[in-house]
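>>> Whatever this is, show me its structure:
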Amino acid sequence: MGADKDAEDLPSCIPGNALVVDPKLPFRPLAKFGNSFLNRFQCTKQKNQLLSEITLIDTPGILSGEKQNSDRGYDFVEVLEWFAARVDIVLLLFDAHKLDISDELRRAIEALSRWDDKIRIILNKADGVDGQQLMRVYGALMWSLGKVLTCPEVPRVYIGSWWDKQLGHAAFRTLFELEEQDLFKDFR
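Below you'll find the predicted structure:
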């Protein structure tokens with residue numbers, strides 16, 4: 001009996017094909033995206049106080065350059081729309097060093113625009129640039145988003161570096177902590 005309890009506490013990974021046949025989970029409709037999608041889709045279960053209140057969905061990265069001409073084998077934008085219709089918040093993460101809005105990202109943002117009230121934009125890895133560069137990066141991101149988003153105002157952009165490494169520019173620590181607090185307040 002104790003072994004079964006210990007097994008429940010261990011992280012587990014459930015493949016997409018199993019997720020869509022489990023009647024206790026909300027993923028049955030995802031079967032329509034086919035095996036190419038289901039072979040990439042998985043769910044990780046972990047016993048964690050925070051995760052008992054939320055579900056995080058991490059999609060594959062947006063393709064850019066020549067890669068965006070590769071066929072994923074399923075309609076990526078349609079999958080994004082399926083999840084966006086069911087979630088409370090959509091986080092769009094931008095790397096401070098890669099602000100290019102590719103054709104695939106543009107299509108994804110346009111598809112998500114129906115749920116613009118759910119979109120939160122995060123400028124990540126901002127500790128990798130200095131203060132003057134950060135202002136330029138932020139301005140460039142706002143300009144690029146203004147051309148893609150159809151909402152009257154570009155949503156707030158949260159700035160930070162969400163990883164476990166030391167900050168490249170420690171002078172940003174207070175700013176990043178305040179941005180993180182604001183973002184977590186927005187989650188509630």
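>>> Where does residue 74 sit: helix, strand or coil?
For residue 74, the secondary-structure state derived from DSSP: H, G, I helix; E, B strand; the rest coil is coil.
>>> nearest spatial neighbour of it, skipping sequence neighbours?
Spatial nearest neighbour of residue 74, excluding adjacent residues (C-beta to C-beta, 6 or more residues apart in numbering): residue 37 at 3.8 Å. Quick note: C-beta positions are derived from backbone N, CA and C, even for glycine.
>>> residue ranges with poor pLDDT in the protein?
Filtered on pLDDT under 70, the chain yields the residue ranges 1-9, 50-52, 55, 59-70, 154.
>>> need the strands for it, in chain order.
Along the chain, counting by DSSP state E, strands occupy 12-15, 42-45, 90-95, 119-124, 157-159.
>>> packing partners for the shortest one?
Helices and strands touching strand 157-159, by 3 or more C-beta pairs under 8 Å, 6 or more residues apart in numbering; DSSP states H and E, are strand 119-124, helix 131-148, helix 173-187.
>>> Quick one: distance of it to the chain centre.
14 Å (C-alpha atoms, centre = their mean, to the nearest Å).
>>> thinking residue 112 is in contact with residue 120, fair?
No - in this structure, residue 112 is not within contact of residue 120 by C-beta atoms under 8 Å, at 11.3 Å.
>>> More neighbours: the two, which one.
Relative neighbour count places residue 112 above the other of residue 112 and residue 120, with 19 against 16, counting by other C-beta atoms under 10 Å.
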